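Enquirer: Coordinates for the following, if possible.
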Amino acid sequence: MKHTNRKTLAKGIKYLAFALPLTLIGPSILFTAFNNQDHPYYIPVLVIGIIALIAAILLMFRGIMTVVKAIFD
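Expert: Next comes the predicted model:
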């Protein structure tokens, strides 16, 4: 494996490492928001949960694509 491929692989694993906590935190925040719909901070907590989920999806996609690029390039 070339040195540049190792760097690319490490970059992809970093993306996946950042996505992992977001995949756990996002649904928890969303669950909390839906359980407290009468709370005044319902909308901001809901938005934060949705942003965390979208960020997790994007980071996972980017990480998987980077790892695949490193392996097959």
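Enquirer: in which helix or strand would I find the most centrally placed residue in the chain?
Expert: The residue lying closest to the centre of the chain (Cα atoms, centre = their mean) is Ala56, at 1.8 Å. Secondary structure assignment for Ala56, by DSSP states H and E: helix 42-72.
Enquirer: That helix - what's its average pLDDT?
Expert: Averaged over helix 42-72, pLDDT sits at 95.
Enquirer: show me what contacts the nearest residue to the residue nearest to the centre of the chain once chain neighbours are set aside?
Expert: Nearest residue to Ala56, sequence neighbours excluded (Cβ to Cβ, 6 or more residues apart in numbering): Leu22, at 3.6 Å. Backbone N, C-alpha and C define where each C-beta goes, glycine included. When the contact criterion is Cβ atoms under 8 Å, 6 or more residues apart in numbering, the partners of Leu22 are 52-53, 55-56, 59.
Enquirer: Which secondary structure element is home to Leu22?
Expert: Assessed by DSSP H and E, Leu22 sits inside helix 3-35.
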